[in-house]
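J.: with the sequence up front, the predicted model follows.
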Amino acid sequence: EAGVTQSPTHLIKTRGQQATLRCSPISGHTSVYWYQQALGLGLQFLLWYDEGEERNRGNFPPRFSGRQFPNYSSELNVNALELEDSALYLCASSRSGRDTQPQHFGDGTRLSIL
Amino acid sequence: ILNVEQSPQSLHVQEGDSTNFTCSFPSSNFYALHWYRWETAKSPEALFVMTLNGDEKKKGRISATLNTKEGYSYLYIKGSQPEDSATYLCAFIRGGADGLTFGKGTHLIIQP
């Protein structure tokens, strides 16, 4: 079975621009999670989508947003980019919206803000 | 803000030796604890999801225990091999609809 795929692998933007990151979950998985790993920090929970709805978001400003499409793929949008948004963004999927299921991660998008 | 602590931060172990490390998390309102292995240049891989106090899980040479009352989990690796070199992450979830809160990980290096 194909794993979680993310695109692009790398993304370079300047301050104030907008970035869109994409994620395709494993077939049959309805939940998609987004995480940020900034330098020196652990993985920080950003957003959780399940069945097309935003179920929860982490402690991030509103300029981090996203959506989940009918085929369960997902986009993460970051507006008004700031230097501290430079990070690895990981997407994960799971079979259901309950957190007793393991999450399966993609390889990530490395976002660099100049 | 939830605090998930992992210790030690890094660990060097001789090939063939056994080792263990710790994940500490808030003991109140526990829902589940996840363990992941993250090898360099790869994506995190799920090892275990643990939900019950006293739970023990095993996958090959790797096992984990859970104590929800005191808020800790141990990960054990028996007979370490070079392919065990990775960062091991634990992630806690409390009751409710929160996402996973990850620790910073234990970076394990197996020396031949």
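T.: Okay, I see it.
J.: pretty sure B:Lys104 contacts B:Pro8?
T.: No: using Cβ atoms under 8 Å, B:Lys104 makes no contact with B:Pro8, being 11.0 Å away. All C-beta atoms are positioned from the backbone trio N, CA, C, and that covers glycine.
J.: which one's more surrounded, the two?
T.: B:Lys104 (17 against 10; other Cβ atoms under 10 Å in any protein chain shown).
J.: so that one: helix, strand or coil?
T.: Using DSSP: H, G, I helix; E, B strand; the rest coil, the structure places B:Lys104 in coil.
J.: what of B:Ile109?
T.: Per three-state DSSP, B:Ile109 ends up strand.
J.: and the pLDDT for it?
T.: Looking at B:Ile109, its pLDDT reads 97.
J.: burial of it, as a residue count?
T.: 13.
J.: then B:Ser27?
T.: B:Ser27: 13 neighbours (other Cβ under 10 Å).
J.: before we move on, what about the one 10 residues further on?
T.: By other Cβ under 10 Å, the residues close to B:Arg37 number 20.
J.: hmm, it is touching B:Tyr88, no?
T.: Yes: between B:Arg37 and B:Tyr88 a contact is recorded at 5.7 Å, counting by Cβ under 8 Å.
J.: any residues in contact with both of those two?
T.: Any residue near both B:Arg37 and B:Tyr88 by Cβ atoms under 8 Å, 6 or more residues apart in numbering or on different chains counts here, and that gives B:Leu47.
J.: quick one: the strands in chain A, in order.
T.: Along chain A, the segments classed as strands by DSSP state E run A:5-7, A:10-13, A:19-24, A:31-37, A:44-50, A:53-57, A:64-68, A:74-78, A:87-94, A:104-105, A:109-113.
J.: where in chain A is the helix or strand with the lowest mean pLDDT?
T.: strand A:53-57 (a mean of 91; mean pLDDT, DSSP states H and E).
J.: likewise chain B?
T.: Using mean pLDDT, DSSP H and E as the measure, no helix or strand in chain B falls below strand B:101-102, which has a mean of 92.
J.: could you tell me the model confidence score at A:Arg95?
T.: 88.
J.: likewise the one 4 residues further on?
T.: According to the predicted model, the pLDDT of A:Asp99 comes to 67.
J.: and for B:Pro112?
T.: 88.
J.: go on, B:Phe25?
T.: 94.
J.: from B:Asn67, how far off is it?
T.: Look at B:Phe25 and B:Asn67: by Cβ to Cβ, to the nearest Å, they are 10 Å apart.
J.: what sits in contact with each of these two?
T.: Joint contacts of B:Phe25 and B:Asn67 (Cβ under 8 Å, 6+ apart) are B:Ser73.
J.: who has more neighbours, these two?
T.: More neighbours surround B:Phe25 than the other of B:Phe25 and B:Asn67, with 24 against 13 (other Cβ under 10 Å).
J.: was I right to think the more buried one contacts B:Glu70?
T.: No: B:Phe25 is beyond contact range of B:Glu70, at 10.0 Å (criterion: Cβ under 8 Å).
J.: list, one by one, the residues from chain A near chain B.
T.: A:3-4, A:33, A:35, A:41-48, A:55-56, A:58-59, A:90, A:92, A:99-108 (Cβ under 8 Å from any Cβ of the partner chain).
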